[in-house]
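K.L.:
With the input below, show me the fold.
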Amino acid sequence: MIYKTFRSRYKVLFGIMPVYLRKRELATKKDEERRGEESGEKKMVATEGGVMTDVLAQGRRSCYKARDAFYACLENEADKKPTEIATVGLLYPKECKKSREQYVNSCRPTWVRHFDRQYCAKKRVQRLLDNDDSRRGPITLPQTSTFKT
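P.N.:
This next block holds a predicted model:
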């Protein structure tokens, strides 16, 4: 019989675990739970076959639907000042906050970051190719002070 850790060997040999090992095991479980809560990641529910439900066709469809609703809201509310900050520096108005929450809850965090990066890149290219000369090229920031030459 191959033992992976000292704890499993100790459990198998003696059927019990000493107090200091039990405390350490409980502390590591609590740390893992706390890390999951701090990162804000939601727990994925597995089906009987061990496949996560959010990668199945129905889960992907609901994710894509929420994503499209959020980006449609961004396009509709483009004239309003963005006040909320999303991942990868994406700014959006508070009117789209509810659709953003639904989007984040129905998609995996890695998918949300990926889709946000895609959207930002698409908007950057669109701004560079836009016919309006005032919006063409890099964004110019206002100068806080002028230098005498």
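K.L.:
looking at it, residue 92 is touching residue 80, isn't it?
P.N.:
No. The pair residue 92 and residue 80 fails to qualify as a contact (C-beta atoms under 8 Å) at a distance of 9.4 Å. Quick note: C-beta positions are derived from backbone N, CA and C, even for glycine.
K.L.:
quick one: which of those two has more around it?
P.N.:
Between residue 92 and residue 80, counting by other C-beta atoms under 10 Å, residue 92 is the more crowded of the two (22 against 12).
K.L.:
mind listing what the more buried one touches?
P.N.:
70, 73-74, 77, 82, 84, 86, 100 (C-beta atoms under 8 Å, 6 or more residues apart in numbering).
K.L.:
Now for residue 67: which residues touch it?
P.N.:
Residues near residue 67 by C-beta under 8 Å, 6+ apart: 103, 107, 115.
K.L.:
Please narrow these to those residing in helices.
P.N.:
When DSSP state H is applied, these are split such that 103, 115 fall in helices.
K.L.:
and the least confident of the contacts of residue 67?
P.N.:
Minimum pLDDT for those is recorded at residue 107 (92).
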